[in-house]
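> From the sequence below, what's the structure:
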Amino acid sequence: MPLDRSTSPRKTRPMIFAALMRALPQILLPGIRAVLWRSLGVTLALFAVLGVGVWFGLRLLFTQTGWLDADGFAGAALAVLIALVVGWLLFRTVAIAIVGLYTDRIVAVVEQASYPARHAQAVAVPFAAGMRVALRSGLRAIGWNIAALPLYLLLLATGIGGPILFLALNAYLLGRDLAELIEGRHPDLPVFTSVQRWQLGFASALLFLPPVVNLLAPVWSVAMAAHMFHGRRQN
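Here you go, the predicted model:
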């Protein structure tokens, strides 16, 4: 009796790696490339403002409390270190929130190139709805990471505990955010399973770790989510 192809291992195995690789070259498609440059410019501009604000805020705090000499080397070094940590924690949040405003456009380009039949059946997500999702995503990520900040600090002594907690927490948040951003275009199709969300979030969280690659991570993650969503094998 022949093997039922609808339940074969080939059809049920995770497709996250294939989705990741298929999404990479599509970052260079004109419609996605324009979003990449625009979102990257806005993100970097916001972080420049944030960095300056944190710098002056910390110097004022040091001056008022007299804890450290704000003009001394120790005060300046600590201010820079704290600003870098804040930036590292918030970059993923801000970048995904900004890209969330353009998710519908990114997914539309991916669908036109790779899934034209699905694209024809898609429901365009209004900009206001995309903005609400992006705002919820940003606030949720900030809230959870602030709540986990004491644990981050306690785990610094372990050397690796902090990054592992950061990766696990943001894998969960990213999987949830990306799924929500993608599924709205196709309300008639099955949503991601919890396992698929974890796979998607974990792969995306890894993309945010390496320098340079993390600049591409927000757009790359959305394109990857689109491929994973449409590439799933339905029984």
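> For stretch 200-218, which outside residues touch it?
For stretch 200-218, the surrounding residues in contact (Cβ atoms under 8 Å, 6 or more residues apart in numbering) are 16, 20, 27, 36, 39-40, 43, 91-92, 95-96, 98-99, 167, 170-176, 178-179, 192, 220-221, 224-225, 228. Heads up, the C-betas are built off the backbone N, CA and C, glycines and all.
> oh, I was asking about stretch 175-191
So stretch 175-191 is in contact with 96, 100, 103-104, 107-108, 118, 121-125, 129-130, 133, 137, 140-141, 192, 196-202, 204, 221-222, 225-226, 229, 232, 234, going by Cβ under 8 Å, 6+ apart.
> What is the subsequent helix or strand relative to the strand or helix carrying residue 175?
Taking DSSP states H and E as the criterion, residue 175 maps to helix 161-183. Following helix 161-183 in sequence order, the next helix or strand is helix 194-207 (DSSP H and E).
> Now do that next one and helix 161-183, the angle between them.
120 degrees (axes from the mean of the first three to the mean of the last three Cα atoms, to 10 degrees).
> Give the buried residues for helix 194-207.
By neighbour count on 16 or more other Cβ atoms under 10 Å, the buried set for helix 194-207 is 196-207.
> Downstream of that helix, the next helix or strand is which one?
helix 213-231.
> for the record, mean pLDDT for that next one?
Averaged across helix 213-231, pLDDT comes to 90.
> Next: stretch 135-146.
81.
> Next: stretch 181-200.
Mean predicted confidence for stretch 181-200 is 89.
> Next, the distance between the ends of that stretch.
13 Å (Cα to Cα, to the nearest Å).
> Could you dump the buried residues of helix 194-207 into CSV and include distance to residue 60?
Below are the buried residues of helix 194-207 laid out as CSV (distance: Cβ to Cβ, whole Å):
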residue, distance to residue 60
196, 47
197, 42
198, 42
199, 45
200, 42
201, 37
202, 40
203, 41
204, 36
205, 34
206, 37
207, 36
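> from those, which single one is nearest residue 156?
Closest approach to residue 156 among these (Cβ to Cβ): residue 205, at 19.2 Å.
> what sits against the residue nearest the centre of the chain?
Closest residue to the average C-alpha location of the chain: residue 96 at 4.5 Å, with Cα atoms, centre = their mean. Remark: with contacts taken as Cβ under 8 Å, 6+ apart, residue 96 is in contact with 134, 137-138, 141, 174, 177, 218, 221.
> again, 7 Å this time
137, 174, 177, 218 (Cβ atoms under 7 Å, 6 or more residues apart in numbering).
> separation between the last one and residue 156?
The span separating residue 218 from residue 156 equals 27 Å under the rule Cβ to Cβ, to the nearest Å.
> Looking at those two, which is more packed in?
Set residue 218 next to residue 156 and count neighbours by other Cβ atoms under 10 Å: residue 218 wins out with 31 against 11.
> So the more buried one versus residue 57, what's the distance?
Applying Cβ to Cβ to residue 218 and residue 57 gives a distance of 27 Å.
> just checking, what's the longest helix in the chain?
helix 30-65 (DSSP state H).
> got the buried residues for it?
Applying 16+ other Cβ under 10 Å to helix 30-65 flags 31-32, 35-36, 39-40, 43, 46-47, 50, 54, 58-59, 62 as buried.
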